[in-house]
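Chemist: The following block contains a protein sequence and its predicted model.
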Amino acid sequence: MDDNNNNNNNNKVPVSYPFFISEMKSCAWILLAASSTRRAEQRCRPYAMLTAEDSGKPASPGGGRGKHTLEWRWRRRRRKRKRKKKKKRKKKKKKKKKKKKKKKKKKKKKKKKKKMKGRRRRRRKR
């Protein structure tokens, strides 16, 4: 293990993601980042040594992330899918189809025009 990495603890700097990946690839060390906002805590120890009881959480790439792991993401996704299916099943009650009433067309009666003869006019019906 390098001495340089151990001296980095006094000036803690937020660790960028690409640096995190390169560090993992180069020397298989893990950076336990508490969160993206808090300053990353650098611990230099071989990746294989990091166990579940060590961090108090399941060993996963990225260290102590708790439920922010792939496994948990899948679980959540599965649960969500199940919930959606359940809701759909509840919604799928058969609705009775309403029969559309056909409108009857009224036949228009043709009015007969009365011819006006002389002064005799047609009176209006009241």
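Modeler: That came through fine. Numbers count the residues shown, from 1 in each chain.
Chemist: Identify each buried residue in the helix or strand in which Arg76 is found, please.
Modeler: Here Arg76 sits within helix 70-91, counting by DSSP states H and E. By 16 or more other Cβ atoms under 10 Å, helix 70-91 has no buried positions at all. Just so you know, the C-beta spots here come from the backbone N, C-alpha and C atoms, and that holds for glycine as well.
Chemist: mean confidence for that helix?
Modeler: For helix 70-91, mean pLDDT is 90.
Chemist: Which other helices and strands does that helix contact?
Modeler: With contacts defined as 3 or more Cβ pairs under 8 Å, 6 or more residues apart in numbering; DSSP states H and E, helix 70-91 has no helix or strand neighbours.
Chemist: Export it to PDB, keeping only CA atoms.
Modeler: What follows is helix 70-91, C-alpha atoms only, in PDB (Å, rounded to 0.1, in the frame of the first residue of the first chain):
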ATOM      1  CA  LEU A  70     -28.500  -3.100  -7.500                       C
ATOM      2  CA  GLU A  71     -30.100  -6.000  -5.600                       C
ATOM      3  CA  TRP A  72     -32.400  -3.600  -3.700                       C
ATOM      4  CA  ARG A  73     -33.100  -1.700  -6.900                       C
ATOM      5  CA  TRP A  74     -34.300  -4.900  -8.600                       C
ATOM      6  CA  ARG A  75     -36.400  -5.800  -5.500                       C
ATOM      7  CA  ARG A  76     -38.100  -2.400  -5.500                       C
ATOM      8  CA  ARG A  77     -38.800  -2.700  -9.200                       C
ATOM      9  CA  ARG A  78     -40.300  -6.200  -8.800                       C
ATOM     10  CA  ARG A  79     -42.500  -4.900  -5.900                       C
ATOM     11  CA  LYS A  80     -43.600  -1.900  -8.000                       C
ATOM     12  CA  ARG A  81     -44.600  -4.200 -10.900                       C
ATOM     13  CA  LYS A  82     -46.500  -6.500  -8.500                       C
ATOM     14  CA  ARG A  83     -48.400  -3.500  -7.100                       C
ATOM     15  CA  LYS A  84     -49.300  -2.300 -10.500                       C
ATOM     16  CA  LYS A  85     -50.600  -5.700 -11.600                       C
ATOM     17  CA  LYS A  86     -52.700  -5.900  -8.400                       C
ATOM     18  CA  LYS A  87     -54.200  -2.500  -9.100                       C
ATOM     19  CA  LYS A  88     -55.000  -3.500 -12.700                       C
ATOM     20  CA  ARG A  89     -56.700  -6.700 -11.500                       C
ATOM     21  CA  LYS A  90     -58.800  -4.800  -9.100                       C
ATOM     22  CA  LYS A  91     -59.800  -2.300 -11.900                       C
END
